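Trainee: My questions concern the predicted model and sequence given below.
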Amino acid sequence: MSTDVVAVPPDATLKAIAELLVEHGISGVPVCHDGRVVGIVSESDILWKELRSLPKADRVVVRLVERAYGDAKRTNAVTAMQAMSFPPLTVEPDATVACAARLMIEHGVNRLPVVSDRLLVGIITRADVVRAFRGSDEEIARADDRSLEVAAGAGT
């Protein structure tokens with residue numbers, strides 16, 4: 001778990017978010033209002049916006065994708081609030097690494113904001129989970145039972 005989290009307000013523009021993602025080498029950010037996570041904007045949410053930049057001849061593709069996935073709203077989004085995935089899937093700091101991994105796989109997400117009393121305190125990514133598997137078999141077995149707070153303290 002990382003405790004130095006890049007987050008954005010609901011009114012952040014997608015252009016500003018794209019710049020943050022590139023600048024920090026990350027693929028998504030929590031959207032926060034008064035410290036509470038209200039959604040997530042990821043690279044895939046920004047990709048929807050790019051569908052609108054296709055030439056007119058390719059608009060058929062846009063309409064088919066919108067119809068198939070129901071995300072016409074995202075192709076017209078300008079702000080985090082309009083593009084974000086919500087409700088956000090989050091975990092508490094006392095969740096285990098194994099629990100976080102299971103949630104990521106079950107829900108097809110790459111990151112989980114970590115919240116305490118509904119306030120953002122960190123984020124765990126797939127890379128964080130993978131780092132938990134660098135040690136010996138005994139360390140890996142212990143990592144499955146460690147809370148995210150303990151794992152963060154150990155550099156995971």
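Mentor: Noted; the coordinates are in hand.
Trainee: what about the chain, any weak spots by pLDDT?
Mentor: 48-75, 135-137, 139-156 (pLDDT under 70).
Trainee: Let me see the ranges of the strands in it.
Mentor: 28-33, 36-42, 111-116, 119-125 (DSSP state E).
Trainee: Compute the inter-axis angle for the last one and strand 36-42.
Mentor: Angle, strand 119-125 to strand 36-42, by axes from the mean of the first three to the mean of the last three CA atoms, to 10 degrees: 30 degrees.
Trainee: Tell me which residues are up against stretch 27-37.
Mentor: 5-10, 12, 17, 20-21, 38-43, 45, 80-81, 84, 88, 90, 110-111, 113, 115, 118-120, 123 (CB atoms under 8 Å, 6 or more residues apart in numbering). Any C-beta I mention is one placed from the backbone N, CA and C, and that applies to glycine too.
Trainee: ChimeraX command to pick out the buried ones of the residues you listed?
Mentor: With 16 or more other CB atoms under 10 Å as the criterion, this ChimeraX line picks the buried residues out of those:
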select :5,7,8,12,17,20,21,38,39,40,41,42,45,80,81,84,88,90,111,113,115,120,123
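Trainee: who wins for proximity to Ile105 among the strands of the chain?
Mentor: Shortest distance between Ile105 and these, using CB to CB, is found for strand 111-116: 11.4 Å.
Trainee: neighbouring contacts of the closest one?
Mentor: 1, 5, 27-28, 30, 36-37, 40, 42, 88-93, 95, 100, 103-104, 120-126, 148.
Trainee: redo that, cut-off 6 Å
Mentor: Contacts to strand 111-116, defined as CB atoms under 6 Å, 6 or more residues apart in numbering, come from residues 1, 28, 30, 37, 90-91, 93, 100, 120-125, 148.
Trainee: quick one, helices of the protein?
Mentor: 14-24, 43-50, 59-69, 72-75, 80-83, 97-107, 126-131, 137-145, 148-153 (DSSP state H).
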